[in-house]
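Engineer: I would like the atomic coordinates for the input below:
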Amino acid sequence: MKPNPAHFSIHDVSDFPVVRFRPETAVTGYAPLWENDMDALLRHGVPFVMLFEEERGDEAHIDRKRRGLWLKHNKAALAALCRGLVSVEADAQQRARLQAMAAGAMKAFGILQEVAATREQADALMVWLLGSGQMARPRAADVW
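Structural biologist: Just a heads-up that it's a prediction; the model follows:
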């Protein structure tokens, strides 16, 4: 059963288990709505992947701090359900920068993060992530 999209402000859950971040909703002060969305995903109790199709813009310090605290306090619960985060970035230099940042976030939060060049590559990664290891990981040559 899919979560009710009407209960989400920051994320699009209409294609659950793919959860899309909607960057246009991330205006200063959005962190409480983001927390509500994340809490709802945890309550739903079904594994999912997060998709970022556009790079997030500059985030207000207060929002980044609040999201960081939520992630710290909910690290184990989130890692139990979130199979990974996949970003799409066509520019090779930007993709490399995002992948380097993702490596630090993976260590901090224990959730696999990948950066794909195209939406098709992101789709392949999300299928693999949702397969919980039952499928072979897409070959780097196929994905990047």
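Engineer: Tell me if I am right that Ser87 is in a strand.
Structural biologist: Yes: the assignment for Ser87 (DSSP: H, G, I helix; E, B strand; the rest coil) places it in a strand.
Engineer: Tally up the residues packed near the closest residue to it other than its chain neighbours, please.
Structural biologist: Nearest non-adjacent residue to Ser87, counting by CB to CB, 6 or more residues apart in numbering: Phe52, 4.3 Å away. Placement of C-beta: from N, CA and C, glycine included. Residues near Phe52, counting by other CB atoms under 10 Å, number 19.
Engineer: wouldn't Phe52 be in contact with Met101 here?
Structural biologist: No: checked against CB atoms under 8 Å, the pair Phe52 and Met101 is beyond contact range at 11.9 Å.
Engineer: quick one, what contacts the residue positioned nearest the centre of the chain?
Structural biologist: Centroid check for the chain by CA atoms, centre = their mean gives Met50 as the closest residue, at 3.0 Å. Applying CB atoms under 8 Å, 6 or more residues apart in numbering, we find Met50 in contact with 11, 19-21, 82, 84-86.
Engineer: what do you get for Phe52?
Structural biologist: Phe52 is in contact with 20-21, 23, 85-88, counting by CB under 8 Å, 6+ apart.
Engineer: which other helices and strands contact the longest helix seen in the chain?
Structural biologist: Ranked by residue count, the top helix of the chain under DSSP state H comes out as helix 92-109. For helix 92-109, the elements it packs on are helix 75-81, strand 82-88, strand 113-116, judged by 3 or more CB pairs under 8 Å, 6 or more residues apart in numbering; DSSP states H and E.
Engineer: Helices of the protein, residue ranges please.
Structural biologist: Counting by DSSP H, the helices of the chain are 31-44, 61-73, 75-81, 92-109, 119-130, 140-143.
Engineer: Show me the contact partners of the third one.
Structural biologist: Spelled out, it's helix 75-81. By CB under 8 Å, 6+ apart, helix 75-81 touches 38, 41-42, 45-48, 71, 109-111.
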